[in-house]
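# coords below, sequence missing:
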């Protein structure tokens, strides 16, 4: 019998790229521009947002705000799409297994080679817009049949509890922050601002991780941790943003790569027919500053996503310039 074991790395944000105040952030951005051999005269964009503006209560006896549900299964990386094209049956089965926290998956070597299966599982788990909670997997195979055994951070009961909590909170937040007449930009900005104002970056959790990620999955790496405790690292920020955007019908991608040479996660969104990047984590001031929101990484093109490195071909091409409201011109 042959086997392989894979331990899933968890993304973390590098401490050195966490500014302690606005002045340090301005200096950091200037350094990033020099490293990237790009220049920009754009100043730091900071806005004071009254807390009450982000907690609109739904009208009495009204239904929750509803938007058209989008095919989020298509908002995946090009790499993942290739796996889906090459092995459609196996891809759907593996994805279902991870999304339902199945402990075991049986496969046939006549359908897929174990090495391909390992890479497929990694692509799905790493780029999933929802928390899979998988920390490792082991494949065993003999002859033409094999089995994959998944290890999860929590029990199936706890995972189900956390997912139910997240789903309920997502709907509640949308009902409190989004008005039915909001256009795409207003929906994206309201959600971006809500997360920045309601959450704080978990510096302690980050500092417990090495440069290649974290060996264990703490709550701060998940949307559950951010929505329950109001504290998280980049994974929690990015997945919360993705799920809230899903709820309000905004096309978006969960993006993984590197932020200042350390594993990092952020998002891509589609507004008014064009794609832009948003890094909610890096728009959240550190230390936490109530009422303050940064917009340096809000609706920016690839060329202005300073300090980030990723496989650009995995995602749609962005607009050439950052998004600016017509009334602001």
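Nice, I can see it. A quick note: this is a predicted structure, and the numbers were derived from the prediction, not measured. Residues are numbered from 1 along each chain as shown.
# can you pull out the helices in the stretch 101-250 of the chain?
For the stretch 101-250 of the chain, the helices defined by DSSP state H, counting those that start in this stretch occupy 114-127, 156-177, 184-198, 203-207, 223-229, 234-247.
# from residue 277, how far off is the closest residue to residue 222 other than its chain neighbours?
Excluding the flanking residues, the one nearest residue 222 by CB to CB, 6 or more residues apart in numbering is residue 131, at 4.6 Å. C-beta: built from backbone N, CA, C; applies to glycine. Per CB to CB, to the nearest Å, residue 131 is found 21 Å from residue 277.
# any buried residues in stretch 219-232, and which?
219-227, 231-232 (16 or more other CB atoms under 10 Å).
# so can I have TSV of these showing distance to residue 89 and pLDDT?
Output for the buried residues of stretch 219-232, formatted as TSV (distance: CB to CB, whole Å; pLDDT from 0 to 100):
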residue	distance to residue 89	pLDDT
219	34	72
220	36	76
221	31	81
222	29	92
223	29	94
224	31	94
225	34	92
226	35	94
227	34	95
231	40	88
232	35	91
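# strands of the stretch 201-329 of the chain, residue ranges please.
For the stretch 201-329 of the chain, the strands defined by DSSP state E, counting those that start in this stretch occupy 231-232, 252-259, 262-271, 274-278, 292-294, 308-309.
# in CSV: those strands, plus distance to residue 285.
CSV is the format used below for those (distance: least, CB to CB, whole Å):
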stretch, distance to residue 285
strand 231-232, 14
strand 252-259, 16
strand 262-271, 17
strand 274-278, 16
strand 292-294, 5
strand 308-309, 19
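# distance check, residue 129 against residue 239.
Look at residue 129 and residue 239: by CB to CB, they are 6 Å apart.
# please identify which of those two sits among more neighbours.
Neighbours were tallied for residue 129 and for residue 239 using other CB atoms under 10 Å; the higher tally belongs to residue 239 (25 against 20).
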